[in-house]
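# got a predicted model here, sequence first, then my questions.
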Amino acid sequence: MTIVDLGIPLAVRSALAVRGVRTETSVRRGPGAGPSDDGHLVVDGVNAALPIDPGSPYVVRDGRIYEDGTDLGVAVTPVARPRFYDLATADGVPYRKIALLHGRDVLASTVVQTCIRYDESQRCRFCAIEESLRAGSTVAAKTPAQLAEVAAAAVALDGVRQVVLTTGTTTGPDRGAVHLARCVRAVTAAVPGIPVQVQIEPPGDLDAIDELHRAGATAIGIHAEALDDDVRRAWMPGKGAVPMAEYEAAWDRAVAVFGRNRVSTYVLVGLGEDPDELVTACGRLVERGVYPFVVPLRVLPGTLAHADGATPPDPAVVADVTGRVADLLRAAGMRGADQAAGCAACGACSALPAAGA
């Protein structure tokens, strides 16, 4: 495994991703549709979404990270609270209930905050998509007009440079793609040229992928989270029932439409997959032109995994898998930053940027 020296060692970045830090942050995202309940920081100049954990061995002091009194040589700056958080729509909905700042320059929204798979028998055990709705921190469905208004403000006031739009799975065969396409059109009309990533399950009709691209999406995430069928069924009873062949067909169509390295999938380390088999499976994704966005499992409050007493993965395993996948990506000339928008372009939830991918 070859590690690219980008400042922060991969082992340290992986440990921070798992163990988090002790610090105060102005921008923090609670449990929701994504895999993280994190504070947003800039670590050695790169976006980082890290757990804020009072029990972490890592502490931020004077803009540096320390472990047991030792300066690790890692500079940290908290992301400033964005100004658009102080605004509301004409009908009184706070902008931050419509979209949130991720990292220092990414606007993200779950356009439909409910999921047909949220019944306990079907739910992804690491997911808390409806918990933020129950907590009153968001609204169930965001309209294209609302998203366009917030995006324009976030760009003008806070220098946002990319947008991520995801959705809970809906009942229709498009699995949410139709509404996502409407939202993309509205955002790109309000902010011409803004890169947008969409995230969706494989739609029943693959033409929906073409429609998302025609709407103006720059990149797409079709997230499997696990690549072993036994692990998929154990952790994602609903999504795991969708044959992997449907994911493969969707990835291939998306690569044909969006282009190589404009398609990604989350891969969670810590669900029980053998590390060597996981890396091999990620290699097959890279060969397809799909970027495997490797992220450690976060056991979030409100998830079934938390109720089960699941634990995060070993940071050394995260570093090993991340480093080997990064080698594959670099050899293929695939960098997350080249996607222009999306989780891989931001990189905050993963240690892949520390390994040059």
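Noted; the coordinates are in hand.
# can you give me the strands for the stretch 151-300 of the chain?
In the stretch 151-300 of the chain, the strands defined using DSSP state E, counting those that start in this stretch lie at 162-166, 196-199, 219-221, 263-269, 290-296.
# go ahead and confirm V325 touches F293.
No - if you go by CB atoms under 8 Å, V325 and F293 don't touch, sitting 9.3 Å apart. (C-beta placed from N, C-alpha, C; glycine too.)
# any common contacting residues for these two?
V267, L352 (CB atoms under 8 Å, 6 or more residues apart in numbering).
# about what we covered before: columns mean pLDDT, distance to L87 and mean neighbour count on top of the strands of the stretch 151-300 of the chain, output as CSV?
Listed next are these as CSV, based on pLDDT from 0 to 100; distance: least, CB to CB, whole Å; neighbours: other CB atoms under 10 Å:
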stretch, mean pLDDT, distance to L87, mean neighbour count
strand 162-166, 98, 17, 26
strand 196-199, 98, 21, 28
strand 219-221, 98, 27, 27
strand 263-269, 98, 31, 26
strand 290-296, 98, 31, 28
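# out of these, flag the one nearest L50.
Across the strands of the stretch 151-300 of the chain, L50 has its closest neighbour in strand 290-296 (11.0 Å, CB to CB).
# what does the closest one contact?
14, 17-18, 35-36, 221, 251, 254-255, 261, 263-270, 282, 285-286, 312-313, 315, 318, 321-322, 325, 329, 334, 336, 339, 343-344, 349-352.
# nearest to P275, out of the strands of the stretch 151-300 of the chain?
Using CB to CB, the strands of the stretch 151-300 of the chain put strand 263-269 closest to P275, at 7.9 Å.
# at which residues are the helices of the stretch 201-350 of the chain located?
Using DSSP state H, counting those that start in this stretch, the helices of the stretch 201-350 of the chain run over 207-215, 229-235, 244-258, 275-288, 304-308, 315-331, 343-346.
# what is the mean pLDDT for the last one?
This means helix 343-346. Helix 343-346 comes out with an average pLDDT of 96.
# over to the third one?
When pLDDT is averaged over helix 244-258, the result is 98.
# low-confidence ranges, the stretch 101-250 of the chain, go.
Within the stretch 101-250 of the chain, not a single segment meets pLDDT under 70.
# how about the strands of the stretch 151-300 of the chain, which one is nearest W235?
Of those, nearest to W235 by CB to CB is strand 263-269, at 8.2 Å.
# how close does L300 sit to V231?
Distance, L300 to V231, using CB to CB, to the nearest Å: 18 Å.
# picking that back up, to A140, which of the strands of the stretch 151-300 of the chain lies closest?
strand 162-166 (14.3 Å).
# can I have the closest one written out in CSV, keeping just the CAs?
Backbone C-alpha positions of strand 162-166 (Å, rounded to 0.1, in the frame of the first residue of the first chain) are rendered in CSV as follows:
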residue,chain,number,x,y,z
GLN,A,162,-21.6,22.6,-4.7
VAL,A,163,-25.0,21.0,-3.8
VAL,A,164,-25.9,17.5,-2.7
LEU,A,165,-29.5,16.4,-3.0
THR,A,166,-30.6,13.0,-1.6
